[in-house]
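Visitor: what follows is a predicted structure for the sequence shown.
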Amino acid sequence: MAPDSQPKTILIAEDSSVILSLTRKILEQQKYRIVLAKNGGEVLRQLESQLETNPVDGVLMDINIPIKNGLECTKDIRSHADPRISELPVVAITGNANNYSLEQFREAGITDYLPKPLDFDALVRVVRQYVG
């Protein structure tokens, strides 16, 4: 199997099981492989544990996740020593984008963001744009 025909892997960092399962279903229908992190403490651990077997190709990051919020997680990703992690596209998902400025998103290293409630067509479009 050519490497290009491998499904792309998306890490979804989201603590809402409803959003998580919907997002997962939609992306799996689009033939993406899904890795989950239910809180900010799991994000880097998941990214690192996947590196040798199935490196993650992009991250969907809920901003309001427990332990570490999405902005902190994104900063951790950006400062990671391995470019396979530090250069990942990170798409923020937030129900209160108004509480944050685009400037804060940029400073954290967020690639793009999607507002909640999620528009699933936009989700697929953005994931394709950054991950392929």
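Guide: Right, received. Where do you want to start? Numbering: from 1, shown residues only.
Visitor: ok, now which ones touch the closest residue to residue 13 other than its chain neighbours?
Guide: Distance criterion Cβ to Cβ, 6 or more residues apart in numbering; nearest residue to residue 13, sequence neighbours excluded, is residue 37 at 4.3 Å. Glycine gets a C-beta too; all of them are placed from N, C-alpha and C. Under the criterion of Cβ atoms under 8 Å, 6 or more residues apart in numbering, the neighbours of residue 37 are 11, 12, 13, 14, 43, 45, 46, 65.
Visitor: 7 Å instead, please
Guide: Residues near residue 37 by Cβ atoms under 7 Å, 6 or more residues apart in numbering: 11, 13, 43, 46.
Visitor: ok, now residue 123?
Guide: 23, 26, 114.
Visitor: how about a cut-off of 10 Å?
Guide: By Cβ atoms under 10 Å, 6 or more residues apart in numbering, the contact list for residue 123 reads 22, 23, 26, 27, 30, 60, 91, 93, 114.
Visitor: among those residues, name the ones in helices.
Guide: Mapping those onto helices (DSSP state H) picks out 22, 23, 26, 27.
Visitor: and those, which are buried?
Guide: For the ones in helices among the contacts of residue 123, a burial check counting by 16 or more other Cβ atoms under 10 Å picks out 23, 26, 27.
Visitor: how close does the second one get to residue 119?
Guide: Spelled out, that is residue 26. 11 Å (Cβ to Cβ, to the nearest Å).
Visitor: mind listing the strands for the chain?
Guide: 9-13, 33-37, 58-62, 90-94, 112-115 (DSSP state E).
Visitor: so which bits of the shortest one are buried?
Guide: What that stands for is strand 112-115. Applying 16+ other Cβ under 10 Å to strand 112-115 flags 113, 114 as buried.
Visitor: pLDDT below threshold where in this protein?
Guide: Within the chain, the stretches with pLDDT under 70 are 1-4, 97-98.
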